[in-house]
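Undergrad: Predicted coordinates and the sequence they were generated for:
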Amino acid sequence: GAVVSQHPSWVICKSGTSVKIECRSLDFQATTMFWYRQFPKQSLMLMATSNEGSKATYEQGVEKDKFLINHASLTLSTLTVTSAHPEDSSFYICSAREAAFYTEAFFGQGTRLTVV
Amino acid sequence: DAKTTQPPSMDCAEGRAANLPCNHSTISGNEYVYWYRQIHSQGPQYIIHGLKNNETNEMASLIITEDRKSSTLILPHATLRDTAVYYCIVMGGSQGNLIFGKGTKLSVKP
């Protein structure tokens, strides 16, 4: 399967600061990327979907001004958590899909964000 | 909301086949059945997907009933490393979003 790399694997930041998480497709061009968050002992919750060069589509209840998503190229998407607060502490996971060759999506290894 | 129903947990003996069921009674004609698994604190791993025919790859087999309302993921010889949460997801091909339900926590025991 295709490889998706997410960076960093974990990050600790102070309350009020912003954190950027990168998601890269290493061996394919990701026409669509997805961002999820996962709280302990819960399933993955889709936050937003982005297509290369277009604005992201956010799921209901997800604040677009707080979770900034950029999908500027076919191999890179970024999620920026702005003015982070302790309740934003979670496991953030990206996923990427290349529609022409794969119908399945491939996932990064996830980023553990802790806001103190 | 997820379109699938899975048992919350299952146990399997090491070396035996693990059969994980999934109900998707509202599946529509152009929707595929996907299976992913998530080992603790990692991103989900793609396993297999199918439309209506049974599928097999190096990891698993996918059996879809003729009416497509349910399916079974088969891990032919489960190992301890197969302990994970397994998610069955219904999605409309390359245009849909992967919406995760609660999955089945599979515990493979020695």
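TA: Here it is on my side, so go on.
Undergrad: okay, CA-based contacts and neighbour counts for the rest of this
TA: Noted.
Undergrad: Let's verify B:L98: helix, strand, or coil?
TA: Following DSSP: H, G, I helix; E, B strand; the rest coil, the label given to B:L98 is coil.
Undergrad: Apart from its neighbours in sequence, what residue is nearest residue 53?
TA: Assuming you mean chain A. A:A72 (5.4 Å; C-alpha to C-alpha, 6 or more residues apart in numbering or on different chains).
Undergrad: hm, I was asking about chain B
TA: That would be B:I64: by C-alpha to C-alpha, 6+ apart, it lies 6.6 Å from B:N53.
Undergrad: give me the beta-bridge partners of the one you found?
TA: Beta bridges link B:I64 to B:S71, judged by DSSP bridges.
Undergrad: got the contact list for it?
TA: Counting by C-alpha atoms under 8 Å, 6 or more residues apart in numbering or on different chains, B:I64 makes contact with B:50, B:52-54, B:70-72.
Undergrad: again, but for B:K102
TA: Contacts of B:K102 (C-alpha under 8 Å, 6+ apart): A:42-43, B:6, B:8, B:87.
Undergrad: Just put those residues in a markdown table and tack on distance to A:G61.
TA: Below are the contacts of B:K102 laid out as a markdown table (distance: C-alpha to C-alpha, whole Å):
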| residue | distance to A:G61 |
| --- | --- |
| A:Q42 | 17 |
| A:S43 | 17 |
| B:Q6 | 26 |
| B:P8 | 26 |
| B:Y87 | 23 |
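Undergrad: Could you turn the buried ones of these into a PyMOL selection?
TA: Only the buried entries of these go into this PyMOL selection, using 16 or more other C-alpha atoms under 10 Å in any protein chain shown:
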select buried, (chain A and resi 43) or (chain B and resi 6+87)
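Undergrad: contacting residues for B:L20?
TA: Residues in contact with B:L20 (C-alpha under 8 Å, 6+ apart) are B:72-74, B:104.
Undergrad: Narrow the residues you listed to those in strands?
TA: B:72-74, B:104 (DSSP state E).
Undergrad: Tell me the residues of chain A that contact chain B?
TA: Applying C-alpha under 8 Å from any C-alpha of the partner chain, one finds that chain A approaches chain B through A:42-46, A:49, A:93, A:99, A:102-110.
Undergrad: Pull out the buried residues from these.
TA: Buried subset of the residues of chain A next to chain B (neighbour count, 16+ other C-alpha under 10 Å): A:43-46, A:49, A:93, A:99, A:103-110.
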